[in-house]
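>>> just a sequence and a predicted model for now, questions to come.
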Amino acid sequence: MIDAIAFKFQTGTQWVHLPGKYGNWRGVYNRLRMWAVDGTWERVFTALMARADADKDLNWAVSVDSTIVRAHQHAAGASKKGPRPASRTITPSAGPAAD
């Protein structure tokens, strides 16, 4: 079951394309959802983190990616000055007027 879930997320495949050697994809998906709802994944993650920390295998350094910093909606590409004047002057044609 764990191998099937790992395969799905490592490859990015759709659930329906899960290889048959892992069993019915619906069963794998339902088990994943049940474990998410009942807190199983949270307990597994906490236990793995505790073990890695105890073995000094865990680096608690924080890395911040500035690409996720949000900006105000008006800061995204907004002009900083007032409206720009037209680039050329428009003059009426000397031809006959439209009716």
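Structure's in. What do you need? Residues are numbered from 1 along each chain as shown.

>>> low-confidence bits of this protein, can you list those?
66, 68-87, 98-99 (pLDDT under 70).

>>> what does the longest helix seen in it contact?
As assigned by DSSP state H, the longest helix anywhere in the chain is helix 40-54. With contacts defined as C-beta atoms under 8 Å, 6 or more residues apart in numbering, helix 40-54 is touched by 34, 35, 58. In short, each C-beta sits where N, CA and C put it, glycine included.

>>> count of neighbours near the first one?
Spelled out, it's residue 34. 10 (other C-beta atoms under 10 Å).

>>> work out for me the element it sits within.
helix 25-37 (DSSP states H and E).

>>> thinking again about what came up before, buried set for the longest helix of the chain?
Within helix 40-54, no residue is scored as buried using 16 or more other C-beta atoms under 10 Å.

>>> and what of stretch 1-10?
For stretch 1-10, by 16+ other C-beta under 10 Å, it's 4, 5, 8.

>>> among those residues, which lie within helices?
4, 5, 8.
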